[in-house]
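Trainee: What would the 3D arrangement of this be:
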Amino acid sequence: MASEALPLKQYRRFESFREYELLFDGWVPRTEAVIRVFEHTLPPAWNSASRMDLLRQFLRVNPINRLLLILHEAGNLPRDLPRLVELQKDFGHAFKIRVTPKMAKHIYDPFVVFDASHYLHRFHYKHMRASEGIHDAEGAQELLDRHVELWEVSAPVVSVGGL
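Mentor: Residues are numbered from 1 along each chain as shown. Here you go, the predicted model:
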């Protein structure tokens, strides 16, 4: 009986905001259950119709799917990202947004983990030096652990926009 080989772990670095956003959008439809995001503040791409369509489809395809977002700055969401606010209203059971406390504001490297083995990791929120890990459960686990720690100390977003 032939056994299937595990997919090969891949890791690469890149330096393009555009590539980061394209990679994010490419991973959403391939994600099977959970997208975990940590970001300083969300860029305008998070208000694009195409990104919202991808995330809406992700949340619709399976009732267990989750989008878990942690931000340092969330005050701009209702003003700058109304499509995201609407998505959160529509999928509040599956799409959670939390904001970090003052004690965690020193953490400066945004990341996204897709399920438990794929990720995008920026080395500093002000600069675009990043990496992509594919089938890298070990690298993803380090980011998952950080996401869990941040989630536990962060608070749900409350705003006039209804979040």
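Trainee: Local confidence estimate at residue 101?
Mentor: Note on residue 101: pLDDT of 94.
Trainee: My guess is it contacts residue 154. True?
Mentor: Yes. Between residue 101 and residue 154 there is a contact at 6.7 Å, judged by CB atoms under 8 Å. Every residue, glycine included, has its C-beta placed from N, CA and C.
Trainee: the more surrounded of those two?
Mentor: residue 154 (21 against 12; other CB atoms under 10 Å).
Trainee: I'd like to know which elements the longest helix along the chain is packed against.
Mentor: The residue-count maximum for a helix in the chain (DSSP state H) belongs to helix 137-153. Using 3 or more CB pairs under 8 Å, 6 or more residues apart in numbering; DSSP states H and E, the elements in contact with helix 137-153 are strand 34-39, strand 66-71, strand 111-114, strand 118-124.
Trainee: Just list what the longest one packs against, helices and strands only.
Mentor: Helices and strands in packing contact with strand 118-124 are listed as helix 17-27, strand 111-114, strand 127-134, helix 137-153; criterion 3+ CB pairs under 8 Å, 6+ apart.
Trainee: Okay, angle between it and strand 127-134 too, please.
Mentor: 160 degrees (axes from the mean of the first three to the mean of the last three CA atoms, to 10 degrees).
Trainee: Need the contact partners of strand 118-124.
Mentor: Applying CB atoms under 8 Å, 6 or more residues apart in numbering, the contact partners of strand 118-124 are 20, 23-24, 27, 30-31, 108-113, 128-136, 139-140, 143.
Trainee: The closest residue to residue 40 other than its chain neighbours: neighbour count?
Mentor: Leaving aside its sequence neighbours, residue 40 sits nearest to residue 125 (CB to CB, 6 or more residues apart in numbering; 3.9 Å). Residue 125: 15 surrounding residues under other CB under 10 Å.
Trainee: Residue 35 now?
Mentor: The number of residues packed near residue 35 is 21, by other CB under 10 Å.
Trainee: ditto for residue 85
Mentor: 20.
Trainee: what's the answer for residue 120, then?
Mentor: Using other CB under 10 Å, residue 120 is surrounded by 22 other residues.
Trainee: now the residue nearest to residue 82 when sequence neighbours are not counted: how far from residue 84?
Mentor: With CB to CB, 6+ apart as the criterion, residue 82 has its nearest non-adjacent residue at 6.9 Å, and that residue is residue 47. Residue 47 sits 6 Å away from residue 84, going by CB to CB, to the nearest Å.
Trainee: Between the two, tell me which one has more neighbours.
Mentor: Neighbour comparison, residue 47 and residue 84: the larger count goes to residue 84, with 23 against 16 (by other CB under 10 Å).
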